[in-house]
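>>> got a predicted model here, sequence first, then my questions.
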Amino acid sequence: MVDIAIQNPAALGKPLGQYSQITRVKASEFLFIAGQLATDQGGKVIGAEDFDAQCQQVFANIEAALKSQDASFANVVEFTTYLVHSQDIAKFMKYRLREFPRLFPSGAYPPNTLLVVDRLVQEPFLIEVQTVAAL
């Protein structure tokens, strides 16, 4: 049985977006999902110049990976997000503000480390999200 407690201790202050400061987990297994990119099942890039479309596809791919292991976003304990343009940080925050209440209806958002990198595996990709889930 998995026990996931997502917390925001007062000593760490309020998070700057739709994430939490800490996840405390008791689980029998962990699921590590490689960084997901904006590709469909055939490997076609979705939304080559459209950050929001890429976010949609990335989180759809994460959801598919979770479902393939009989899990859901409720099992997610951590994200690591990679962006290639610092100006996309605000777009990412807006996406999360809009979509995370649907993905995480409890309002408990997993911790997220956000990094801006020079580039991802191919030029068209604007975002990659790595996921850890507890089963």
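Ah, there it is.
>>> what helix or strand is the residue positioned nearest the centre of the chain located in?
Per C-alpha atoms, centre = their mean, the C-alpha nearest to the average position across the chain is that of residue 79, at 4.6 Å. Assigned by DSSP states H and E, residue 79 belongs to strand 76-83.
>>> other SSEs contacting that strand?
strand 22-26, strand 30-36, helix 89-103, strand 112-116, strand 127-134 (3 or more C-beta pairs under 8 Å, 6 or more residues apart in numbering; DSSP states H and E). In short, each C-beta sits where N, CA and C put it, glycine included.
>>> by how many degrees do the helix or strand following the second one and strand 30-36 diverge?
Right, the one you point to is strand 30-36. Next helix or strand after strand 30-36 toward the C-terminus (DSSP H and E): helix 51-68. Per axes from the mean of the first three to the mean of the last three C-alpha atoms, to 10 degrees, the angle that helix 51-68 makes with strand 30-36 is 150 degrees.
>>> how about residues contacting the strand holding residue 79?
Contacting residues not belonging to strand 76-83 are listed as 4, 19, 23, 25, 30, 35, 66, 89, 92, 110-117, 120, 126-134 [C-beta atoms under 8 Å, 6 or more residues apart in numbering].
>>> related to what we said a few turns ago, which residue is the nearest non-sequential neighbour of the residue nearest to the centre of the chain?
Sequence neighbours aside, residue 112 is the residue nearest to residue 79 in space, at 4.3 Å (criterion: C-beta to C-beta, 6 or more residues apart in numbering).
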